[in-house]
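Visitor: need a structure here:
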Amino acid sequence: MLLLGIETSCDDTATAVVRDGKRALSNVSTNQDRFHAKFGGIVPEIASRQHVALLSAAVDDALERAEVRLSDVDGIAVTVGPGLIGSLVVGVASAKALAFASGKPLYGVNHLHGHIFAAFLEQELEPEYPFLALLVSGGHSQLVDVAGPLEMHVLARTRDDAAGEAFDKTARLLGLPFPGGPEIDALARSGDPAAIPFPRHRAERGSLDMSFSGLKTAVRYFLETEPGRAADKADVAASFQAAVVDILIDRVERATRDASYRLAVLSGGVAANSALQAAFSAWGRRAGVRTAIPHLHFCTDNAAMIAAAADRQGERLRVDPLHASADPNLPFEPASSSR
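Guide: Numbering: from 1, shown residues only. Have a look, this model is predicted:
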């Protein structure tokens, strides 16, 4: 099975060619950071216009790098949601045109499912259902029970900011460039994670939900009231990062107490964070649970993960090229999931 993947849910124009849901023959991605940096965040109108300008060339590039033609692929997989509506429309419209013109099947993929299956790209590892997925990104933070390729149930989610959003907002407080996640990760390496006792959110009994807005506010108050100590930005970054990691690992530990998972997956853009990767792997060793983390270039938004998800989820994702549509609020749980 050879699939062309297209991903334009936010600000990365991404295309890829993937064989059998495992091997990425090409993985092309162009970020738009320089267009959005001066605004301190993603501007939807700019993002969609850049997709229009870049996507056709990105498709050609992915096919050329994979040394295949469009006629060689068995289908086209595209992100249909969730995401920014303007960005999604560009990718979906392009995929529909390619599928209609070539006669190839079109598969509509949930962006978040793509992140989960990214953990199995270029890895000697197969999904062992059921498994636990910790999905953390700029827009989402949730724990997911993955009972099968199309049977996923959200166990917990953030009640306010996503972890990645908290990283970006805290980076802005520290005067760091956008995107802030990698900047904090790099700065924290020279800081003391125990220097500042930032709060850790504790959910009430019976809940695994997360919250990061209070932590972000605590950083802001600290910077305002402790100007002397705040001068050491590395300690602030390390202490903030440690608090985020502690919250996430606490929820993973609690989720596995009453469930016999033998595999746990860390995925999403924040999965690229070095401290979180280390803590997640260490937890797995302590708990006797096998852990899977995507390669760095598959953590952030990419099209290889979209093709991988389509391959694993199969014909249930197939859509009519004439009627496929983007859904910025696409629900996470597949329609076939049943409790």
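Visitor: buried residues in stretch 167-178?
Guide: The neighbour-count check on stretch 167-178 (16 or more other CB atoms under 10 Å) flags Phe167, Asp168, Lys169, Thr170, Ala171, Arg172, Leu173, Leu174, Leu176, Phe178 as buried. For glycine as for every other residue, the C-beta is placed from the backbone atoms N, C-alpha and C.
Visitor: Of these, which is the nearest to Gly228?
Guide: Leu174 (15.5 Å; CB to CB).
Visitor: roughly how far apart are that closest one and Asn273?
Guide: 16 Å (CB to CB, to the nearest Å).
Visitor: can you give me the strands in the stretch 51-200 of the chain?
Guide: Ranges of strands within the stretch 51-200 of the chain are 75-81, 106-110, 131-136, 141-148, 151-157, based on DSSP state E, counting those that start in this stretch.
Visitor: Can you give the distance of the longest one from its chain's centre?
Guide: Spelled out, that is strand 141-148. 13 Å (CA atoms, centre = their mean, to the nearest Å).
Visitor: now for that strand, which elements pack on it?
Guide: strand 131-136, strand 151-157, helix 233-255 (3 or more CB pairs under 8 Å, 6 or more residues apart in numbering; DSSP states H and E).
Visitor: Which positions in the last one come out as buried?
Guide: Applying a neighbour-count criterion of 16+ other CB under 10 Å, the buried positions in helix 233-255 are 233-245, 247-252, 255.
Visitor: Convert the following helix or strand past it to PDB, retaining C-alpha atoms only.
Guide: Toward the C-terminus, helix 233-255 is succeeded by strand 263-267 as the next helix or strand (DSSP states H and E). What follows is strand 263-267 as a C-alpha-only set of coordinates in PDB (Å, rounded to 0.1, in the frame of the first residue of the first chain):
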ATOM      1  CA  LEU A 263       2.200  -0.300  25.600                       C
ATOM      2  CA  ALA A 264       2.000   3.500  26.000                       C
ATOM      3  CA  VAL A 265       2.600   6.000  23.300                       C
ATOM      4  CA  LEU A 266       3.700   9.600  23.600                       C
ATOM      5  CA  SER A 267       2.700  11.800  20.700                       C
END
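Visitor: by how many degrees do the following helix or strand past strand 263-267 and helix 233-255 diverge?
Guide: Where DSSP H and E defines the elements, the next helix or strand beyond strand 263-267 is helix 274-287. Here the directions of helix 274-287 and helix 233-255 differ by 30 degrees (axes from the mean of the first three to the mean of the last three CA atoms, to 10 degrees).
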